[in-house]
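1. Everything below, folded, please.
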Amino acid sequence: MSTDKTGKSLTDENGKPFFDDPNAALRQIAQNPAAYAHYLADFNRVVLDMQAKLEALQHETRVHCRGTRVEGDRRGQAFLRSFPVEKSLRDVIKNLRNAVSGLEDSAHKRHAHDEKVKEVKKRRREKAQIKQRKNSPQLQAAPQSWQNPQNPGLQQGVREADRGYGGPTSIYDLGRRESA
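-> I've put the predicted structure just below:
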């Protein structure tokens, strides 16, 4: 068993640490889009709560700083003194708003990524099936037709000159027949 500086045991009797991996829970959250969205929603609530409290603080700070006047101040000097304080707090609130929108975008993009992965898997499976069909086409039986009893290899209505794979292959092979 290992110990820390104070002599306390950091492992159990099997030698396994009490804290396996500090990022194990985050790893599981990252693998599940619903858990990811839920986790970010928790952060979103915290940030929105901080933003609301900072906005209230901003209002109270503005009232106090602008109301603090020193003897001999001219008009607007209290405002000019309070402006840097107000601006710094306003920037913090703006960054929190950006963080909130970033958290929401991240949750949506994580869900979209999962959908895209499913779509890619489906598309690749379909392409593989098409490729397999092209590489090994199934043989189809030739249609049964009435045959001429005098010439078993010749179908009824087909002339001797047209035997072979099929009829004429171009309009120049038509001979006496018309093209249309």
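2. and the longest helix for this structure?
-> Counting by DSSP state H, the longest helix found in the chain is helix 77-135.
3. helices or strands next to it in the packing?
-> Helices and strands touching helix 77-135, as assessed by 3 or more Cβ pairs under 8 Å, 6 or more residues apart in numbering; DSSP states H and E, comprise helix 33-67. Heads up, the C-betas are built off the backbone N, CA and C, glycines and all.
4. and R69, what helix or strand is that in?
-> When secondary structure is defined using DSSP states H and E, no element contains R69, which sits outside every helix and strand.
5. Check it and give its pLDDT.
-> R69 carries a pLDDT score of 80 in this model.
6. And the worst-scoring helix or strand of the chain on mean pLDDT, what does it pack against?
-> Of all regular secondary-structure elements in the chain, judged by mean pLDDT, DSSP states H and E, the least confident is helix 24-31 with a mean of 86. Other helices and strands packing on helix 24-31, by 3+ Cβ pairs under 8 Å, 6+ apart, are helix 33-67.
7. mind exporting stretch 47-58 as PDB, just the C-alpha atoms?
-> Output of stretch 47-58 as PDB, limited to C-alpha atoms (Å, rounded to 0.1, in the frame of the first residue of the first chain):
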ATOM      1  CA  VAL A  47     -23.300  30.600 -15.400                       C
ATOM      2  CA  LEU A  48     -26.800  32.100 -15.800                       C
ATOM      3  CA  ASP A  49     -27.100  32.400 -12.100                       C
ATOM      4  CA  MET A  50     -23.700  34.100 -11.900                       C
ATOM      5  CA  GLN A  51     -24.700  36.400 -14.700                       C
ATOM      6  CA  ALA A  52     -27.900  37.400 -12.900                       C
ATOM      7  CA  LYS A  53     -26.100  38.100  -9.700                       C
ATOM      8  CA  LEU A  54     -23.400  40.100 -11.500                       C
ATOM      9  CA  GLU A  55     -26.000  42.200 -13.300                       C
ATOM     10  CA  ALA A  56     -27.500  43.100  -9.900                       C
ATOM     11  CA  LEU A  57     -24.100  43.900  -8.600                       C
ATOM     12  CA  GLN A  58     -23.400  46.000 -11.700                       C
END
